[in-house]
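> Return a 3D structure for these sequence lines:
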Amino acid sequence: MAHKVLLLNGSPHARGCTARALEEVARTLEAEGVETELIHIGKDDVRGCVSCNSCAKTRKCIFDDGVNEVAAKFKEADGLIIGSPVYYGSPNGTAIAFMDRLFYSSGFNKTMKVGAAVVSCRRGGNTASFDVLNKYFTISGMPVVSSTYWNMVHGFTAEDVEKDLEGLQTMRNLGRNMAFLIKAIGDAREKYGQPERERGNMTSFPDGK
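Below you'll find the predicted structure:
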């Protein structure tokens, strides 16, 4: 069975630090027999969600841009990696807007697709950004892929990242772990089927108690 992972580069720089990290993961996935597609979203004109709820009926975002194009590919993929630089201690605003709309508007079941976040920075803010991006996966029944350190690289340029040998090593281990998990889930799905998914109960306290 063929497997595929989408990698989204949320940086405005197509050949910068984030791209270099994602490329290392992609090479490893390909070496492990997993097809990859790297999509650069960081320079797209991506507006945030306006909470119109049109997608509840149409199953796609009302703004017909790259989000809907990626959603169609995401539906068929086994995994998704979002990469972002750190801006003021958080992921790039474009990456957040894209992920908000991608996950909210796409109505298909994402259970047991695997997800991973990759972040890059010059100095700090990596772990905070890493935490933000992983929440898209944990709210969607998607196993989060780990590595031998948090999935981060350091540098001001792609050339700097080449010197971050531990960071690149972390990317390779992430790729191997993701390939293994995708294959293992595929085998388990054939043997056991998908896990049951309960929906419908929402905690609310309208009476104030």
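
> Could you report the pLDDT at the residue nearest to residue 163 when sequence neighbours are not counted?
Once its chain neighbours are removed from consideration, residue 163 has its nearest residue in residue 155; the separation is 7.1 Å (C-beta to C-beta, 6 or more residues apart in numbering). Yep, even glycine has a C-beta here, placed from its N, CA and C like the rest. On pLDDT, residue 155 comes in at 97.

> Need phi/psi at residue 155.
The phi and psi torsions at residue 155 (degrees, to the nearest 10) take the values phi 160, psi 160.

> same check, this time on residue 49
Torsion angles at residue 49 (phi, psi; degrees, to the nearest 10) stand at phi -60, psi 140.

> any idea how far it lies from residue 138?
With the distance defined as C-beta to C-beta, to the nearest Å, residue 49 ends up 19 Å from residue 138.

> and what of residue 51?
In this structure, residue 51 and residue 138 are separated by 22 Å, where distance is defined by C-beta to C-beta.

> Neighbour count: these two, which is higher?
A direct count of neighbours by other C-beta atoms under 10 Å for residue 51 and residue 138 places residue 138 higher, at 11 against 7.

> The more buried one is in contact with residue 132, isn't it?
No. Proximity of residue 138 to residue 132 does not meet the contact threshold set by C-beta atoms under 8 Å, at 11.4 Å.

> Fine by me, we can end here.
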